[in-house]
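>>> below are the sequence and a predicted model; questions follow.
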Amino acid sequence: MSSNLSAVEIPALAPRDVVNALADARRLGSTVETRWSPASPEEAYAAQGEVRRALGEGIGGWKAAGLDPSGIPLLAPIHISDVSGSGSLACPAEGWILEVEYGFRLGRDLPRSAAYHKAEVMDAVDEVHVCFELCRSRLAAPSPPRLLFLADGLANDRLVVGSGVSPRDLSLGHRGVRLSIDGEVVKELQSSAGDEATEALVWLARQPLPEGGLKAGHIIITGSLTGTTRIRGGQIAEALIEGIGQVRVDALP
């Protein structure tokens, strides 16, 4: 069901008010106007956790976007109820920003360690999937402060997990990627981002994540292979990564 709710305005009040409003915005499909912004990355990460707990959510995965130009680690938990397989999803009124990504599903826990090597981390990956990340900011401002954007979970709204393969003896090297909207190819390319994706996964495993770090069953996404594409209610998006699998979402109006 689409939402046409107006923005909820919040003055520069205590973070608890912002947390509650961001949680409501996730529930209701609304947006938040606020002059508050976290004073530090730690305060932004704390806000992510408070929003998740206010919603009674568990962690179904992680979004790892590396470092911003000022060196801030850009990472956010993906709420467990926001993870689904290919199929139909109710689309917000403004649509989604869609990205095609690799999704690494863990087969065992990876407690945080700064000493992880790539082989150790990849050995914990049970399957590599083709995924759609569907993004929607809960913030009314078109260009919010970076730390406020981080507090909003980097705009992650949904993660659609398609088919995949075992990573054993798999090279993600150069792979053909195709994205179609309503049956029309809108992006087609040869991607060499697989090595970057695995390096981002190793980087994430070394971070001090909450609640014991990366867990079996978590799905980690590490960046778009196709840039960003707008999808609106009533459209169908399909993507394929050569030799990996495919994913589909029907955006219900």
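Yep, it's here.
>>> wait, residue 41 touches residue 72, no?
Yes. With contacts defined as Cβ atoms under 8 Å, residue 41 counts as touching residue 72 at a distance of 5.1 Å. For glycine as for every other residue, the C-beta is placed from the backbone atoms N, C-alpha and C.
>>> okay, residue 180: pLDDT?
What the model reports for residue 180 is a pLDDT of 98.
>>> restricting to C-alpha, output stretch 220-229 in PDB.
As requested, the backbone C-alpha atoms of stretch 220-229 are provided in PDB (Å, rounded to 0.1, in the frame of the first residue of the first chain):
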ATOM      1  CA  ILE A 220      25.900  -8.600   3.300                       C
ATOM      2  CA  ILE A 221      25.700  -6.200   0.400                       C
ATOM      3  CA  THR A 222      28.700  -4.100  -0.600                       C
ATOM      4  CA  GLY A 223      27.700  -1.600  -3.400                       C
ATOM      5  CA  SER A 224      25.800  -1.300  -6.600                       C
ATOM      6  CA  LEU A 225      27.000  -2.900  -9.800                       C
ATOM      7  CA  THR A 226      24.700  -0.800 -12.000                       C
ATOM      8  CA  GLY A 227      24.500   2.600 -10.300                       C
ATOM      9  CA  THR A 228      21.000   3.800  -9.300                       C
ATOM     10  CA  THR A 229      17.700   3.300 -11.200                       C
END
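>>> thinking again about what came up before, who has more neighbours, residue 41 and residue 72?
residue 41 (19 against 15; other Cβ atoms under 10 Å).
>>> show me the strands in the stretch 101-250 of the chain, by range?
Using DSSP state E, counting those that start in this stretch, the strands assigned to the stretch 101-250 of the chain run over residues 125-135, 156-165, 175-181, 184-191, 219-221, 229-231, 236-241, 245-252.
>>> between residue 41 and residue 72, what contacts are shared?
Taking Cβ atoms under 8 Å, 6 or more residues apart in numbering as the contact criterion, the residues that touch both residue 41 and residue 72 are 147, 150.
>>> to residue 55, which of the strands of the stretch 101-250 of the chain lies closest?
Proximity to residue 55, assessed across those by Cβ to Cβ, is greatest for strand 156-165 (13.0 Å).
>>> strands paired with the closest one, and their directions?
Pairing partners of strand 156-165, with direction, according to DSSP bridges: strand 83-85 (parallel), strand 125-135 (antiparallel).
>>> about what we covered before: buried deepest among the strands of the stretch 101-250 of the chain, which one?
Most buried of the strands of the stretch 101-250 of the chain by mean neighbour count (mean count of other Cβ atoms under 10 Å) is strand 219-221; its value is a mean of 25.
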